[in-house]
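Peer 1: here you go, sequence then predicted model.
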Amino acid sequence: MSTTPTTSTTPVRPVVARTRADLAAALATPAAGRAPRAVVMTMGALHEGHELLLRAARDRVGPAGAVVATIFVNPLQFGPSEDLDRYPRTFEADVTRCAAAGVDVVFAPAASEMYPQGQPTVTVDPGQLGGELEGAVRPGHFSGVLTVVAKLLHLTAPELAFFGEKDYQQLVLIRRMVAALDFPVTVVGVPTVRDPDGLALSSRNRYLDPQQRALAAAIPRAIAAGVAAAAAGDGAQGVEAAATAVLQAAGGIVVDYVQVRGVDLGPAPAVGEGRLVVAARVGATRLLDNASVDLGPPRPGRPGRTGSGRTDRLVQET
Ligand code: PAF
C-alpha cells in the first residue's frame, strides 16, 4: 500500500462582482481575463447538478481558461403567483461550491443592477415554442429567461456557455436565440444529475417534505417506463401512455404534461430520436424531467405512431 501523502489544495475563493463595473474590472485581470472563458448561469441555491456544470466548464476551458458563474434570481422569469420571494438563497454556500469547482469570478448582481429602469420595455421574444409546454403553464417565463441570458452573455462575453439538460426547453430556446441573434458563443448542454432513486436534482427539491420526496421518485420511474416503451417499439403515444400510467398509479401527483416531441421540441417524429418531457406537481412544487427516447425504425406490421395530437408523420409500412 502506498504511503505517499496526498496533497490537498485549498480551493481559492473566486472574485465576487456585484456590479457591471466590478465584473468588467474582474474580467480585465490576468486571472479571469484568460481565454477561453466559460459561463455557467444560475439562480443560486447550488447543488451537485450545478457543480457538475461548473466542473464541466472548468474541464473544458482547462487551467489556462477562465470560468465565470452568475448567481441571480431573475424576477423577470417569475409569474405573479410564483415563488420569487420563497426561492432559496444560499449565497455563502454557493460561493464555497464555486470555489471547489474552480470558478474564477462569481457575478451576483442585485435586480436594480440588472434592470436599473425596473421592468424592461425591451425583451427577447422566444417565439411559438416559448408559449408551449412550460410556457403554456408559465406565461412570460421564457421571455424573462432569454432576456436575462442575453444580458448575461453580453456582460460576461464568454466563448462557451454551459446549461443543464434538466431544463430541456430552456436549453433548446437558448440555442435558438443564440443562433437567431448571432451570439458569438457555443452553447454546451450537460446531462441531468440524479439522486440515487433517479430524481433529477433541482433547487426546488428542497421544498418537498419527506413524504412528497418519496412520491417524487415516481417521476424518474415514469421517464424510465417511457424509455422502455420506446425501446419496445410502442411509438410516441405508447411512450406517453406508459409514463402517464406510472404517475397516475403513484397517487397524489398532478400531471401538467407528458409529451414526446422531437429533439428540437417540434412535433414527435414517427421514428428516430425524440424527447420525452414531463412536468408534474407534488404538493405545491412543480418538478420537470426529460429524457431522450429512441422511437426506433419502423417495424413490419407496426406503423410509426406520434403522440399528443400533433401532426402525425406516419411511416409507410414497407
Ligand atoms: O436555469 C436557471 O437557473 C435560470 O433559468 C437561468 C438560466 C440562470 C436564467 O435566469
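Peer 2: Perfect, thanks for sending it.

Peer 1: can we go C-alpha only for contacts and neighbour counts from here?
Peer 2: OK.

Peer 1: now Phe91: closest residue in space, sequence neighbours ignored.
Peer 2: Gly44 (6.8 Å; CA to CA, 6 or more residues apart in numbering).

Peer 1: equivalent analysis for Pro88, please.
Peer 2: Ala45 (5.8 Å).

Peer 1: help me confirm that that neighbour is found in a strand?
Peer 2: No - per DSSP: H, G, I helix; E, B strand; the rest coil, Ala45 lies outside any strand segment and is coil.

Peer 1: is Val145 within a helix or a strand, and which one?
Peer 2: Applying DSSP states H and E as the criterion places Val145 in helix 141-156.

Peer 1: contacting residues around that helix?
Peer 2: 20, 23-24, 27, 39, 41, 68, 70, 74-79, 123-126, 130, 135, 170, 173-174, 177 (CA atoms under 8 Å, 6 or more residues apart in numbering).

Peer 1: cool, and stretch 103-117?
Peer 2: 13-20, 23, 26-27, 31-32, 54, 58, 66-72, 74-75, 95, 98, 118.

Peer 1: does it reach the ligand?
Peer 2: No - Stretch 103-117 stays clear of the ligand (CA under 6 Å from any ligand atom), getting no nearer than 11.3 Å.

Peer 1: and for the closest residue to the ligand within the stretch 151-300 of the chain, the neighbour number?
Peer 2: Across the stretch 151-300 of the chain, the shortest distance to the ligand (CA to the nearest ligand atom) belongs to Asp167, at 6.7 Å. Applying other CA atoms under 10 Å, we find 16 residues neighbouring Asp167.

Peer 1: cool, Ala214 as well?
Peer 2: Applying other CA under 10 Å, I find that Ala214 has 12 neighbouring residues.

Peer 1: what pLDDT is listed against it?
Peer 2: The model reports Ala214 with a pLDDT of 98.

Peer 1: the nearest residue to Leu23 once chain neighbours are set aside and the ligand, how far apart?
Peer 2: Of all residues not flanking Leu23 in the chain, Ala17 sits nearest, at 5.1 Å (CA to CA, 6+ apart). Separation of Ala17 from the ligand (CA to the nearest ligand atom, to the nearest Å): 16 Å.

Peer 1: next, the contact list for Ala17, please.
Peer 2: Contacts of Ala17 (CA under 8 Å, 6+ apart): 23, 26, 105-109.

Peer 1: who does it bridge with?
Peer 2: Beta-bridge pairing for Ala17 (DSSP bridges): Phe107.

Peer 1: so for it, what's the pLDDT?
Peer 2: On the pLDDT scale, Ala17 is placed at 98.

Peer 1: for Thr6, same thing?
Peer 2: 47.

Peer 1: now swap in Thr42 and tell me
Peer 2: pLDDT, Thr42: 98.

Peer 1: give me the spatial nearest neighbour of it, chain neighbours excluded.
Peer 2: Ile71 (5.1 Å).

Peer 1: from memory Ala268 sits against Gly235, does it?
Peer 2: No - applying CA atoms under 8 Å as the test, Ala268 and Gly235 come out as separate, 9.5 Å apart.

Peer 1: that older thread, quick one: contacts for the residue nearest to Pro88?
Peer 2: Contacts of Ala45 (CA under 8 Å, 6+ apart): 88-91, 94, 203.

Peer 1: could you list the low-pLDDT ranges of this structure?
Peer 2: 1-8, 298-318 (pLDDT under 70).

Peer 1: I'm done for today, thanks for sticking with me.
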